[in-house]
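**Student:** dropping the sequence and predicted coords here.
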Amino acid sequence: MSLSALKRAVLEANLDTVRDGLVMATFGNASGIDRTTDQVVIKPSGVAYDTMTAEDMVTVSLDGAVVEDRLRPSSDLDTHLVLYRAFTGIGAVIHTHSTYATIFAQALMPIPCLGTTHADYFRGDIPVTRHLRPGELGDRYVAATGEAIIETFEGRDPLEMPAVLVAGHGPFVWGRTPKEAALNALILEECARMAWFTKRLNPQVEPIPDALRDRHFLRKHGAQATYGQTERL
Ligand SMILES: O=C(CO)[C@@H](O)[C@@H](O)COP(=O)(O)O
């Protein structure tokens, strides 16, 4: 993908989060990476979404060196970079403060996998990171946020669990493309909303059985996926 195509895709993913009601004001950011050049394209910090253009997207290298510096990159850039370096199969990262997912993050509660809506996209409960320690709240705060996410994902496949709740902050999601990450951000919020109401109706309810969860997840993802069309109609 050319750099200009990546910038357009990243802009659209940012705008999707607003269109889908996941972001208000400037509370969020989406980025994408070209794995052939290791260039990362990310939303500029604090720019209004209704005036944002593809040319406003900021390009940096995977180690954080700014390639084009017309605008300052998102203040969450270092979290995105830590995720790209650790999760080599992902191509896009999105952060929002979507209401229900953020409520779970603030309550330090994983979003339980209570139904097949959830299992179609996330193979299990959406995990919550630990709180950052006082020594991590200085200059390295944003990178430390990414490192806490990586710690939470030890032994997990990030493509089977493309979302996390950062304690006291909000969700980060990812995908292979900016479009896929934007869809994951939307489904995450819907699953959080459903889990909230399900738990209110029946506080004792447990996550669905692993076999049902896996049946749903694997029919849509991985080598054996059977959902949808094998050929374009
Ligand atoms: O998480 C936060 C604030 O808590 C940020 O994501 C949000 O303000 C967006 O910042 P940027 O405009 O991406 O610099």
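**Tutor:** Noted; the coordinates are in hand.
**Student:** who is the nearest residue to residue 58 once chain neighbours are set aside paired with across the strands?
**Tutor:** Closest residue to residue 58 apart from its sequence neighbours, by C-beta to C-beta, 6 or more residues apart in numbering: residue 73 at 4.1 Å. Using the backbone N, CA and C atoms, a C-beta is placed for each residue, glycine as well. Here residue 73 shows beta-bridge partners residue 44, assigned using DSSP bridges.
**Student:** need the contact list for residue 73.
**Tutor:** 42, 43, 44, 45, 58, 60, 66 (C-beta atoms under 8 Å, 6 or more residues apart in numbering).
**Student:** check what pLDDT it gets.
**Tutor:** According to the prediction, residue 73 has pLDDT 96.
**Student:** what is the least confident helix or strand in the protein?
**Tutor:** Sorting the helices and strands of the chain by mean pLDDT, DSSP states H and E puts strand 66-68 at the bottom, at a mean of 78.
**Student:** what helices and strands are in contact with it?
**Tutor:** Secondary-structure packing of strand 66-68 (3 or more C-beta pairs under 8 Å, 6 or more residues apart in numbering; DSSP states H and E): strand 58-61.
**Student:** the strand it packs on near the ligand anywhere?
**Tutor:** No: on the criterion C-beta under 6 Å from any ligand atom, strand 58-61 is out of touch with the ligand, staying 10.2 Å away.
**Student:** distance from that strand to the middle of the chain?
**Tutor:** Relative to its parent chain, strand 58-61 has a centroid offset of 19 Å by C-alpha atoms, centre = their mean, to the nearest Å.
**Student:** please begin residue numbering at 714 from this point
**Tutor:** Fine by me, first position is 714 from now on; the one you just mentioned is strand 771-774.
**Student:** list the buried residues for it?
**Tutor:** 771, 772, 773 (16 or more other C-beta atoms under 10 Å).
**Student:** can you check stretch 929-946 too?
**Tutor:** 929, 930, 931, 932, 934.
**Student:** could you dump the lengthiest helix in the chain to PDB, C-alpha only?
**Tutor:** Longest helix in the chain, counting residues (DSSP state H): helix 891-914. Backbone C-alpha positions of helix 891-914 (Å, rounded to 0.1, in the frame of the first residue of the first chain) are rendered in PDB as follows:
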ATOM      1  CA  PRO A 891      -7.400   0.100   9.800                       C
ATOM      2  CA  LYS A 892     -10.900  -1.000   8.600                       C
ATOM      3  CA  GLU A 893     -10.700  -4.200  10.600                       C
ATOM      4  CA  ALA A 894      -9.500  -2.400  13.800                       C
ATOM      5  CA  ALA A 895     -12.400   0.100  13.400                       C
ATOM      6  CA  LEU A 896     -14.900  -2.800  13.200                       C
ATOM      7  CA  ASN A 897     -13.300  -4.400  16.300                       C
ATOM      8  CA  ALA A 898     -13.700  -1.100  18.200                       C
ATOM      9  CA  LEU A 899     -17.400  -1.000  17.300                       C
ATOM     10  CA  ILE A 900     -18.000  -4.700  18.200                       C
ATOM     11  CA  LEU A 901     -16.100  -4.200  21.500                       C
ATOM     12  CA  GLU A 902     -18.400  -1.400  22.600                       C
ATOM     13  CA  GLU A 903     -21.500  -3.400  21.700                       C
ATOM     14  CA  CYS A 904     -20.200  -6.400  23.600                       C
ATOM     15  CA  ALA A 905     -19.400  -4.200  26.600                       C
ATOM     16  CA  ARG A 906     -23.000  -2.700  26.500                       C
ATOM     17  CA  MET A 907     -24.600  -6.200  26.200                       C
ATOM     18  CA  ALA A 908     -22.400  -7.500  29.000                       C
ATOM     19  CA  TRP A 909     -23.400  -4.600  31.300                       C
ATOM     20  CA  PHE A 910     -27.200  -5.200  30.700                       C
ATOM     21  CA  THR A 911     -26.800  -9.000  30.900                       C
ATOM     22  CA  LYS A 912     -25.000  -8.800  34.200                       C
ATOM     23  CA  ARG A 913     -27.700  -6.400  35.600                       C
ATOM     24  CA  LEU A 914     -30.500  -8.900  34.600                       C
END
